[in-house]
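A.B. asks: kindly generate the corresponding structure for this input.
(one chain, ligands or ions: 2)
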Amino acid sequence: MQTENTSRLSAPGDHSGLQTLVHAFCVLVMENEADKFYRELPKVELHAHLNGSVSFQSMEKLISRKPHLNIEHSMTAIRSGQRRTLDECFQVFKVIHQLVDTEEDILMVAKDVITEFAADGVKYLELRSTPREEKNTGLTKRRYVETVIKAIHECKSEGVDIDVRFLVAVDRRNGTEVAMETVKLAEEFMLSTDGLVLGLDLSGDPTVGHGRDLLPALQRAKNSGLKLALHLSEVPSQLEESDLLLNLPPDRIGHGTFLHPEVGGSQSLVDKVVKNNIPLELCLTSNVKGQTVPCYSQHHFQYWYQLGHPCVICTDDKGVFCTDLSQEYQLAASTFGLSHEAIWKLSQQAIDCTFAPENLKQELKQRWIELQPQGLQ
Ligand SMILES: CNc1ncnc2c1ncn2[C@@H]1O[C@H](COP(=O)(O)O)[C@@H](O)[C@H]1O
Ligand SMILES: [Zn+2]
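C.D. replies: Ligands and ions are numbered 1, 2, ... in the order given. Below is the predicted model:
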């Protein structure tokens with residue numbers, strides 16, 4: 001279980017002005033650093049939304065660039081022990097979007113996020129983000145995607161030790177037409193970036209809109225060779241939508257919290273996922289802090305892991321939920337009693353769930369062999 005590392009940061013009762021601020025800062029920056037094994041574990045991150053992944057440090061820079069917005073850190077992150085409804089989480093993204101609305105901002109946050117994942121031992125990252133147009137700053141959706149790609153290239157040429165690919169996100173709130181436009185943009189970039197853009201994400205507030213309206217866009221994306229990573233059954237009572245989307249079928253599922261019968265899903269949904277061997281991207285802290293799962297021990301990781309189904313531990317929004325991938329692996333281990341061997345296997349098996357081409361998968365597998373600690377060989 002997570003513990004709050006607050007006791008070593010300030011003396012009891014010492015809450016005078018500056019001390020309190022320093023204390024709050026330290027809690028934000030240092031809360032729950034993972035143990036060495038998990039930090040050194042080579043990792044694959046497959047479910048990370050760019051604007052949800054902005055760290056405290058990057059947020060500082062953004063806030064100081066735009067002081068007139070009067071945005072405070074408490075509005076952009078959900079700290080240890082705090083919970084929000086999913087609806088409140090989506091309010092947080094609105095605030096962050098106000099802070100990230102120029103090419104310069106996107107370049108900075110994308111480079112920071114990539115560098116932070118690399119520093120956390122992530123060797124392969126599939127980053128996802130929703131192309132946004134901002135009338136005030138002249139930002140277009142095309143420039144948005146180009147800027148993320150520029151950040152990926154710059155990190156590579158600066159020698160950051162991580163392979164990054166991009167998934168273009170469709171926000172389900174924006175409906176049929178926007179989804180189709182986004183798919184066309186993603187297709188173009190898939191072709192012009194030599195596979196750096198390799199898929200499409202479906203995300204956004206799951207309580208808004210219906211997957212049925214997005215089917216033609218998703219089908220087109222699939223036909224053109226884009227891989228599909230779809231948020232599915234993140235909230236209860238979406239059996240019909242999930243069934244419809246599973247018929248595509250998607251290449252990976254985000255969350256899938258309410259798919260199985262024990263939580264109101266159905267055996268036939270589970271059967272479809274299993275039959276098509278569709279990996280699940282599971283984000284423990286995100287689901288607990290967003291209150292779709294009551295506590296860590298009741299997380300659906302347990303259900304799917306016991307089935308032997310491919311499960312990939314991911315962060316979702318490491319900035320908003322104040323976590324990192326090492327912590328998520330450690331949390332899975334401590335909650336479900338997984339040994340270092342089991343965790344190693346979990347991180348290794350994630351390679352087969354990536355959308356990377358076969359030669360890159362082989363390279364990653366070789367890397368894992370080279371990095372394997374003595375005791376686990
Ligand atoms: C918590 N669970 C979640 N469920 C569904 N969608 C989510 C999400 N977390 C993030 N997003 C999606 O990612 C966007 C922010 O990153 P980008 O601006 O695209 O980089 C959010 O606006 C939402 O559409
Ligand atoms: Zn997500």
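A.B. asks: could you report the neighbour count for residue 268?
C.D. replies: Residue 268 is flanked by 11 other residues according to other CB atoms under 10 Å. Bear in mind the C-beta positions are built from the backbone N, C-alpha and C, glycine included.
A.B. asks: next up, the contacts around it.
C.D. replies: residue 243 (CB atoms under 8 Å, 6 or more residues apart in numbering).
A.B. asks: give me the buried positions along the strand or helix carrying it.
C.D. replies: Using DSSP states H and E, residue 268 falls within helix 267-275. Across helix 267-275, burial judged by 16 or more other CB atoms under 10 Å covers 269, 270, 272, 273.
A.B. asks: now for the closest residue to residue 199 other than its chain neighbours, how many residues are close by?
C.D. replies: Spatial nearest neighbour of residue 199, excluding adjacent residues (CB to CB, 6 or more residues apart in numbering): residue 227 at 3.5 Å. Residue 227 has 20 neighbouring residues, counting by other CB under 10 Å.
A.B. asks: who's in contact with the residue in the stretch 201-350 of the chain that ligand 1 sits nearest to?
C.D. replies: Ligand 1 sits closest to residue 203 of the stretch 201-350 of the chain, with a gap of 3.5 Å, by CB to the nearest ligand atom. Neighbour list for residue 203: 49, 128, 130, 169, 170, 171, 172, 231, 254 [criterion: CB under 8 Å, 6+ apart].
A.B. asks: those in strands, which ones?
C.D. replies: 49, 128, 169, 170, 171, 231, 254 (DSSP state E).
A.B. asks: may I see the residues you listed arranged in CSV, with distance to ligand 1 and neighbour count as well?
C.D. replies: Listed next are the ones in strands among the contacts of residue 203 as CSV, based on distance: CB to the nearest ligand atom, whole Å; neighbours: other CB atoms under 10 Å:
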residue, distance to ligand 1, neighbour count
49, 4, 26
128, 6, 24
169, 5, 25
170, 9, 27
171, 5, 20
231, 5, 25
254, 7, 27
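A.B. asks: format the residues you listed as JSON lines; extra columns: pLDDT.
C.D. replies: Listed next are the ones in strands among the contacts of residue 203 as JSON lines, based on pLDDT from 0 to 100:
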{"residue": "49", "pLDDT": "98"}
{"residue": "128", "pLDDT": "99"}
{"residue": "169", "pLDDT": "98"}
{"residue": "170", "pLDDT": "98"}
{"residue": "171", "pLDDT": "98"}
{"residue": "231", "pLDDT": "98"}
{"residue": "254", "pLDDT": "98"}
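A.B. asks: what is the mean pLDDT for stretch 93-113?
C.D. replies: Stretch 93-113 shows a mean pLDDT of 98.
A.B. asks: could you list the buried residues of it?
C.D. replies: In stretch 93-113, counting by 16+ other CB under 10 Å, buried: 93, 96, 99-103, 105-106, 108-113.
A.B. asks: up against ligand 1, what does the stretch 51-200 of the chain have?
C.D. replies: Residues of the stretch 51-200 of the chain found near ligand 1 (CB under 6 Å from any ligand atom) are 51, 52, 89, 93, 129, 130, 169, 171.
A.B. asks: most widely separated two among those?
C.D. replies: 89 and 129 (16.5 Å; CB to CB).
A.B. asks: so which of the two has more stuff around it?
C.D. replies: residue 129 (26 against 21).
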